[in-house]
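> sequence and predicted model, in that order:
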Amino acid sequence: MWAEDDLGPGAPPCLHSYKAPVEGNVYRMYHGTSRENAEKIKVSGFKQSSGGMLGRGVYLSRDLEKASRYPLDLPENKRVVLRVKVNVGRVKKIDKQGHPLQKTWHDHGYDTAWCPPKCGMVSSGLEEDCVWDPKRITVIGEICPKTQGAQGACHNHY
């Protein structure tokens, strides 16, 4: 089980995943990864993936449930979710498979691609974002799964 805590005043807003991100705003998002990769990201920053459903970029979600599923091939106790703040820049909504800009949105001047929930792009039906430039993303904390009602050992803020 994964849970977010109250980050208090000054934390970036967590826009509900069904609402379109507003151009140029900063939002709280999540990135699921292995504990090992989380340490590398905290030291060296994010790196673009070489590809994916939306092409190159850093894959994130405003939905903690979505991010907590990744990496899919790791058991939950080996995963961590990085809490990040993201300046989304110009956002392109990609809401169907085969969208004309599905993998080329950045070539058309967009900084972030956004797949709304339940649009048919993602089998889970959960929201997903792809940010082209890793410099738009800052790690602000991490969340580990809660086990038997205990707080995750890596529940840190930066």
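Thanks, I have the structure now.

> count of neighbours near G98?
For G98, the neighbour count with other C-beta atoms under 10 Å is 5. For every residue, glycine as well, the C-beta is placed using N, CA and C.

> relative to M53, how far out is it?
11 Å (C-beta to C-beta, to the nearest Å).

> and E23, what are its phi and psi?
phi -50, psi 130 (degrees, to the nearest 10).

> low-confidence ranges, the protein, go.
Counting by pLDDT under 70, the low-confidence segments of the chain come to 1-18, 147-158.

> got the residue ranges for the helices in it?
Applying DSSP state H to the chain gives helices spanning 35-44, 64-67.

> of all these, which one is nearest R83?
Nearest to R83, of all the helices of the chain, is helix 64-67, at 8.7 Å by C-beta to C-beta.

> what packs against the closest one?
The contact analysis (3 or more C-beta pairs under 8 Å, 6 or more residues apart in numbering; DSSP states H and E) places helix 64-67 against strand 26-34.

> can you pull the buried residues of the strand it packs on?
By neighbour count with 16 or more other C-beta atoms under 10 Å, strand 26-34 contains the buried residues 27-33.

> can you redo the helices of the chain as a markdown table with mean neighbour count?
Formatted as a markdown table, these follow (neighbours: other C-beta atoms under 10 Å):
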| stretch | mean neighbour count |
| --- | --- |
| helix 35-44 | 14 |
| helix 64-67 | 21 |
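
> dump those to TSV, plus distance to G141.
TSV is the format used below for those (distance: least, C-beta to C-beta, whole Å):
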stretch	distance to G141
helix 35-44	10
helix 64-67	12
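
> what about those, which gets the closest to M121?
Short answer: helix 64-67, nearest of the helices of the chain by C-beta to C-beta, at 12.1 Å.

> what's across from the most centrally placed residue in the chain in the sheet?
Centroid-nearest residue in the chain, with C-alpha atoms, centre = their mean: L60, separated by 1.8 Å. Counting by DSSP bridges, L60 forms beta bridges with D129.
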